[in-house]
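> Quick one, what's the 3D model for this:
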Amino acid sequence: QTKQAIDLLNSCDLRDQVGSYRVIVSNETPQLEDFTLCILQQNDCFQCDAPILTQPRVPVLEKWNGKALTLPTSRQILIGHLDHPEASSYSQQKDWSWKVVLGANPAYDAFPLQHQIFYPSSGDKSLWYDPVFAVDTLDGDRVWCKRHYRCTPRKHFSGKEGAWTLSTLDNGMVSEEHWTIVDADDQLRWVVLQYSGAAKRAGQSYVGALLCSPDGQFPPSADMERIRAAFAKCDLELWELFGGSIEQSYMWGDKNEQWCRDHPPPLDPIGNMSITTWRKREREKQ
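Down below sits the predicted model:
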């Protein structure tokens, strides 16, 4: 199975992140993870050094509920609607922080039902981020995938709060991403997040932005011009986004919602556990 995965990855265009990821998820084995870790991270066999792109320079949200954005309030925006003591008073107290409505990457067409779960790390200012999403495997099955990221406050070029660095180890490959809170509704009916990331040793850089809401549905039409302006700050137009139209998110269409009800997602937070420790635990289940 591992050899099959390597052959399929070799046949993929390196720019096809969606195709490559479907191959990996369809063939997750400890051997494939060890192989990837060895050739990419430990020995840098491809001699790649993909950077995190610094363009466009995206401004961070300056004020939320009439006050300057601070580190605590930027944490509350990311924690969103999670049922957690540190969530804002606008939290709808759900098992997730946000659901992705649509985003600027083909992954939002290919990997539906994306839940974002942000929660505090104990003892410092950082957060954990556990995305949960569905993947259609190469053999025609559909499975839930869950990942675990460390989120630390990042210095924005403006000197303001609201910028974060997210890092993870996913099947032997280290990824790092710079996220920026671009805009957020005062009552957390929606948020626009921009990201620029890289899998450095795999030679992949990527940039995009997300619209998220509590239920994965589009915010009120009265907010669309403000949302359009937020994406324009990311050098994006709404028609460039994936995962739906500007009226409906395909990601949360009726068929996907029914599948989600029939196959409840694994939304329990992974918790205050290092990424390597969690990956080791997951491997032991295989």
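
> Can you give the contact residues for stretch 137-151?
By CB atoms under 8 Å, 6 or more residues apart in numbering, the list of residues contacting stretch 137-151 from outside reads 8, 22-23, 25-26, 78, 111, 118, 121, 126-136, 164-168, 170, 179, 259, 263, 265-266, 270, 273, 275, 278-279. Quick note: C-beta positions are derived from backbone N, CA and C, even for glycine.

> Name the helix or strand of the chain that has the lowest mean pLDDT.
Sorting the helices and strands of the chain by mean pLDDT, DSSP states H and E puts helix 107-110 at the bottom, at a mean of 79.

> Please state the offset of that helix from the chain centre?
On the basis of CA atoms, centre = their mean, to the nearest Å, helix 107-110 sits 12 Å off its chain's mean C-alpha point.

> could I have it exported to CSV, CA atoms only?
Coordinates of each C-alpha in helix 107-110 appear next as CSV, following Å, rounded to 0.1, in the frame of the first residue of the first chain:
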residue,chain,number,x,y,z
ALA,A,107,-9.7,22.0,-1.5
TYR,A,108,-12.9,23.7,-0.5
ASP,A,109,-14.6,21.9,-3.5
ALA,A,110,-12.9,18.6,-2.8
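
> what is the mean pLDDT for the helix or strand that it is followed by?
Heading C-terminal from helix 107-110, the first helix or strand you meet, by DSSP states H and E, is strand 115-116. For strand 115-116, the mean pLDDT works out to 98.

> so what does strand 115-116 touch, helix or strand wise?
strand 98-103 (3 or more CB pairs under 8 Å, 6 or more residues apart in numbering; DSSP states H and E).

> isn't K125 right next to E161, touching?
No: with contact defined as CB atoms under 8 Å, K125 does not reach E161; the gap is 10.5 Å.

> Now stretch 219-230 - C-alpha only, CSV.
Provided in CSV are the C-alpha atoms of stretch 219-230 (Å, rounded to 0.1, in the frame of the first residue of the first chain):
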residue,chain,number,x,y,z
PRO,A,219,-24.3,35.4,6.3
PRO,A,220,-27.2,37.9,5.8
SER,A,221,-27.1,39.6,2.4
ALA,A,222,-26.8,43.0,4.1
ASP,A,223,-23.2,42.0,5.1
MET,A,224,-22.1,40.9,1.6
GLU,A,225,-20.5,44.2,0.6
ARG,A,226,-18.4,44.2,3.7
ILE,A,227,-17.4,40.6,3.1
ARG,A,228,-16.6,41.4,-0.5
ALA,A,229,-14.4,44.3,0.7
ALA,A,230,-12.6,42.0,3.2
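
> which residues does the nearest residue to R226 once chain neighbours are set aside contact?
Leaving aside its sequence neighbours, R226 sits nearest to D183 (CB to CB, 6 or more residues apart in numbering; 6.7 Å). Listed by CB under 8 Å, 6+ apart, the contact set of D183 reads 61, 191-192, 226-227, 229-230, 233.
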